[in-house]
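**Student:** Got a predicted structure plus its sequence, pasted below:
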Amino acid sequence: MALKLTTAVKKELFGLSHDLKPVVMIGQNLLTDAVIKEFNNSIDHHELIKVKMSFEGDTPEERKQIRQAICDEIVRQTQGVTLIRIVGNIAVFYKPSKAKKVEEKLKLFRAR
C-alpha cells in the first residue's frame, strides 16, 4: 500500500530530488523482473530516487499513458512506495526507510 503524503510534502520531496540522477532506467522491454529488482534495491538504499523511462510510442499522449501505467505498476508491485511526480521521461519515487535519511534532509530543507 502506498504511503499517503500531503501535497506540501510531495512538493518538498520533489525539491529534494532536483539534484538526483536517475538510478533506474526503463527501456523498450518496459518492466521486467530485473527492473523491479533493481528498483527495490535502489529505493531501499536511497529512499528517494528518479527513474528514467525511454521507449517509443506513436503519440505524446500514448507515451504519457504508458509512463503513467509503468509508474502505477511499480507502486502496485512494491510495498510502501509512493509516486511523487512524473515530469517528462523522469519519475520520482519515495519510500521511507528505518534510517530516515530523507526525513533529516526535509528538516534541513524546511529550515531554509
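**Tutor:** Thanks, I have the structure now. Numbering: from 1, shown residues only.

**Student:** Please tell me how far Asn41 sits from Asp19.
**Tutor:** Separation of Asn41 from Asp19 (CB to CB, to the nearest Å): 21 Å. Placement of C-beta: from N, CA and C, glycine included.

**Student:** who has more neighbours, those two?
**Tutor:** Higher neighbour count among Asn41 and Asp19: Asn41, with 12 against 6, using other CB atoms under 10 Å.

**Student:** Return the set of buried residues in whichever helix or strand that one is part of.
**Tutor:** For Asn41, the element it lies in under DSSP states H and E is helix 33-46. Applying a neighbour-count criterion of 16 or more other CB atoms under 10 Å, one finds 35, 38-40, 42-43, 46 buried in helix 33-46.

**Student:** On the strand side of things, show who the spatially most central residue of the chain bridges to.
**Tutor:** Centroid check for the chain by CA atoms, centre = their mean gives Phe93 as the closest residue, at 2.1 Å. Counting by DSSP bridges, Phe93 is bridged to Ile49, Leu83.

**Student:** what separates it from Glu56, distance-wise?
**Tutor:** As judged by CB to CB, Phe93 and Glu56 stand 23 Å apart.

**Student:** Likewise for Gly80?
**Tutor:** 32 Å.

**Student:** Could you do Ile66 as well?
**Tutor:** For Ile66, the distance to Glu56 - CB to CB - is 9 Å.
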